[in-house]
Every structure is written in C-alpha cells, then in structure tokens.
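>>> Fold the following for me, if possible:
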Amino acid sequence: MIGLQCSPRDAGQVADTARQCGARVARIDGPEDRRDFYAAVAAQLDVPDWFGHNLDALRDVLGDLSWLPPGEVVLVWADPATLAVTDPDGHDRLLDVLADAAAASRQGERPLRVVLTGRT
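Numbers count the residues shown, from 1 in each chain. Got it, this is the predicted structure:
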C-alpha cells in the first residue's frame, strides 16, 4: 500500500532511528483489538480530547496533526499480524486509514510515515 512501509528491523530500532533523526514517534505494539489500537494512538500522540476512539475519529485525527509541532511523525506498528488474526476486517480498515493519512500528509508540515515491523 502506498504510504506504508514494511521493515524487517525491530520496532525499537525503527523508533530509535526515527527519534535520532528528529521525528516524533508513536509506537503501537501489536494490539489484539481496535479499541487497544485507538487507545495506543491516543496515548502515543497525545491526541486532542475530541478523539472518539473509532475508525472515523482515527481518520480525522491522523488527517489533522496540527496540535503537534511541525516535523515528521513516525507511527511504528509492531506486529500488525496480531490484529489480523483477531480482527481481520479491522486490521485491513486500519491499514487503509493509515495509508491514506500518510499519503495525504506527505507534502505537509507534519508528514506521517507509517512503518510496519515484525509479522505483517
């Protein structure tokens, strides 16, 4: 998918490298359901209070990262296959939202890069 990158490296290594390059990093470690994914994104990116913890709200929040300072935002999703097993439809929908947000933000002040690590 355009906007998503797969990495054979460990999620910690990817996150550390991104931080060393000056990016803001959100690391999501293999949640088993969408609710946990939304909660992890909210915590890692310190999203605004209006975030509704659902797919539409995720699309909105990743499409407008204006509460963050300018600069690259790297979302590292470790082991997305965990969610693919427990919620295949949710997994696919999340990937679509992440890919769309990354592609749409590419030229903005806060480009979003999504890196999938581990089993995809």
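
>>> got the contact list for Thr117?
Contacts for Thr117 (C-beta atoms under 8 Å, 6 or more residues apart in numbering) come out as Cys6, Ser7, Pro8, Arg9, Asp10, Ala11, Val14, Val76, Trp77, Ala78, Asp79. All C-beta spots, glycine's among them, are computed from the backbone N, C-alpha and C.

>>> Report the buried members of these.
Burial by neighbour count, 16 or more other C-beta atoms under 10 Å: within these this picks out Ala11, Val14, Val76, Trp77, Ala78, Asp79.

>>> Give me the distance between the residue most central in space within the chain and Val41.
The residue lying closest to the centre of the chain (C-alpha atoms, centre = their mean) is Leu75, at 3.8 Å. Distance, Leu75 to Val41, by C-beta to C-beta, to the nearest Å: 8 Å.

>>> State the pLDDT value of Leu98.
Confidence at Leu98, expressed as pLDDT, is 97.

>>> Next, the closest residue to it other than its chain neighbours: secondary structure please.
Among residues not flanking Leu98 along the chain, Val114 sits closest, at 4.6 Å (C-beta to C-beta, 6 or more residues apart in numbering). Under DSSP: H, G, I helix; E, B strand; the rest coil, the three-state class of Val114 is strand.

>>> so what's Val114 up against?
Gly3, Leu4, Gln5, Val74, Leu75, Trp77, Leu98, Ala99, Ala101, Ala102.

>>> Please report how far it lies from Arg35.
In terms of C-beta to C-beta, Val114 sits 19 Å off from Arg35.
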